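Undergrad: below is the sequence, then the predicted model.
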Amino acid sequence: MTTTGTRLQIDHVSKRFSRVGQSTLAAVDDVSLVVEPGELLTLLGPSGCGKTTTLRMVAGFEQPDDGRIYIGDQDVTELMVYRRGIGFVFQNYALFPHLTVFENVAYGLKVRRVPGRDVDRRVSQVLELVGLPGYERRFPNQLSGGEQQRVAVARAVVVEPRLLLFDEPLSNLDAKLRVQMRAELSRLQKQLAITTVYVTHDQDEAMAISDRIAVMRQGRIAQIGTAEELYRAPRSEFVAQFIGRVNLVEGRVLDVTGGRMTVALWGGSVTVAAEPGCAPGTRLSLILRPESLTLVPETTKAGATDVLVLGTVRSRTFLGEKVEYTVEVAGALLHVVTYDPAHRGVVDVGARVGVTCSAAAARPLTSS
Ligand SMILES: Nc1ncnc2c1ncn2[C@@H]1O[C@H](COP(=O)(O)OP(=O)(O)OP(=O)(O)O)[C@@H](O)[C@H]1O
Ligand SMILES: [Mg+2]
């Protein structure tokens with residue numbers, strides 16, 4: 001059962017809600033994006049940023065005020081929900097409690113008047129696919145959370161949709177199961193090659209399963225790219241803070257030559273790619289990821305390839321494979337992560353330390 005993916009295009013779509021006694025809210029504000037055939041694109045962003053509203057417009061549960069939505073070559077903006085060829089999985093699975101697993105999965109096929117023989121075959125096939133063969137006769141209340149979630153996925157894919165939409169499908173599950181299920185979903189999505197839009201506010205989940213991520217903020221797309229692109233080159237403080245943890249440290253440009261610029265940092269300097277509009281004296285934010293920083297003894301001298309600052313450890317969180325520290329440096333707090341504490345040891349709260357950063361690890365917050 002392999003479907004060739006269909007392209008989804010959202011073109012300048014907006015949705016406004018009127019609020020009693022308040023100004024109208026643009027829940028989705030001029031959003032455009034393309035999901036390529038077979039691709040899994042995640043909408044990631046804080047609560048209320050418009051993820052579900054965007055998904056509901058693609059599904060047809062909500063009408064956009066402006067803009068068009070295309071599935072393949074077809075303009076579906078005004079098409080009824082059930083004619084769009086979409087499979088959904090929502091947060092609360094919404095299995096029919098009085099129907100068995102078989103009947104739940106078969107429901108969409110029966111509505112479409114698929115002949116009985118084919119129903120049996122296709123239901124067994126997808127139950128196999130989601131790892132639940134033999135579960136046909138059970139009722140939802142006889143299943144674990146993870147099993148219910150798989151039934152919901154089976155029900156969505158059994159009709160061979162052109163598009164799959166997931167809205168926080170794993171948020172009912174505990175942390176371990178969530179990690180396991182996201183790997184399964186990812187495998188299944190790649191196997192079926194169904195174009196998918198996935199909504200979550202969990203950054204790890206987004207990074208683990210997505211081909212690309214669209215980070216949303218206040219109804220707009222802040223940035224879109226692969227997890228690696230967003231992590232390496234965030235274009236705003238918002239994206240930098242949302243994808244991974246980050247230290248934003250102010251630096252001052254000393255010199256710009258041949259596409260590179262030297263930026264003063266912590267009594268030393270780092271050389272980074274030149275930013276448009278930067279000249280000697282310009283202040284800008286440098287991104288220093290916590291894992292690029294190293295704690296060193298207070299007496300360490302800065303080397304030729306790194307910069308150094310002195311500070312005091314203010315907090316420490318031991319997490320087994322890593323330790324997260326905050327270090328107070330000239331009134332600001334730096335996040336530092338060190339790995340393998342069993343071998344490298346742990347620094348105490350209150351200790352005076354040096355923090356070094358390899359000059360190659362600093363990046364300017366890119367504006368373009
Ligand atoms: N039917 C509605 N009527 C009025 N306002 C609405 C309606 N649906 C959503 N909103 C508002 O639109 C904004 C976006 O909501 P949406 O559900 O899309 O957010 P979300 O990104 O999915 O958030 P969450 O992560 O909490 O699910 C919110 O401010 C919400 O209150
Ligand atoms: Mg939502």
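TA: Received, thanks. Residues are numbered from 1 along each chain as shown. Ligands and ions are numbered 1, 2, ... in the order given.
Undergrad: surely residue 109 and residue 155 touch.
TA: No - in this structure, residue 109 is not within contact of residue 155 by CB atoms under 8 Å, at 9.7 Å. Just so you know, the C-beta spots here come from the backbone N, C-alpha and C atoms, and that holds for glycine as well.
Undergrad: among these two, which residue is more densely surrounded?
TA: The residue with more neighbours, out of residue 109 and residue 155, is residue 155; 26 against 20, by other CB atoms under 10 Å.
Undergrad: and the more buried one, what does it touch?
TA: 87, 95, 104, 105, 107, 108 (CB atoms under 8 Å, 6 or more residues apart in numbering).
Undergrad: helix, strand or coil for the fourth one?
TA: Three states are possible here, and by DSSP: H, G, I helix; E, B strand; the rest coil the one that applies to residue 105 is helix.
Undergrad: how many neighbours does it have?
TA: So residue 105, with other CB under 10 Å, has 30 neighbours.
Undergrad: and what of the second one?
TA: One way to gauge burial is a neighbour count; for residue 95, by other CB under 10 Å, it gives 21.
Undergrad: please tell me how far it sits from ligand 1.
TA: 21 Å (CB to the nearest ligand atom, to the nearest Å).
Undergrad: element containing that residue, please.
TA: Element membership for residue 95 (DSSP states H and E) is empty, with no helix or strand holding it.
Undergrad: contacting residues for it?
TA: Counting by CB under 8 Å, 6+ apart, residue 95 has contacts 104, 140, 148, 151, 152, 155.
Undergrad: 7 Å instead?
TA: For residue 95, the contacting residues are 104, 140, 148, 151, 152, by CB atoms under 7 Å, 6 or more residues apart in numbering.
Undergrad: contact partners for the first one?
TA: Right, the one you point to is residue 104. Contacts of residue 104 by CB under 7 Å, 6+ apart are 95, 96, 151, 155.
Undergrad: ok so, going back, now the contacts of residue 95 in JSON lines, with secondary structure?
TA: Output for the contacts of residue 95, formatted as JSON lines (three-state DSSP):
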{"residue": "104", "secondary structure": "helix"}
{"residue": "140", "secondary structure": "helix"}
{"residue": "148", "secondary structure": "helix"}
{"residue": "151", "secondary structure": "helix"}
{"residue": "152", "secondary structure": "helix"}
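Undergrad: state the distance from residue 209 to residue 179.
TA: Residue 209 sits 11 Å away from residue 179, going by CB to CB, to the nearest Å.
Undergrad: which one of the two is surrounded by more residues?
TA: residue 209 (23 against 14).
Undergrad: that one against residue 185, yeah?
TA: Yes - taking contacts as CB atoms under 7 Å, residue 209 lies within contact range of residue 185: 6.4 Å.
Undergrad: for the closest residue to residue 163 other than its chain neighbours, give me its contacts.
TA: Spatial nearest neighbour of residue 163, chain neighbours left out: residue 86 (4.8 Å); criterion: CB to CB, 6 or more residues apart in numbering. Contacts for residue 86 (CB under 7 Å, 6+ apart) come out as 59, 161, 162, 163, 165.
Undergrad: cool, thanks, signing off.
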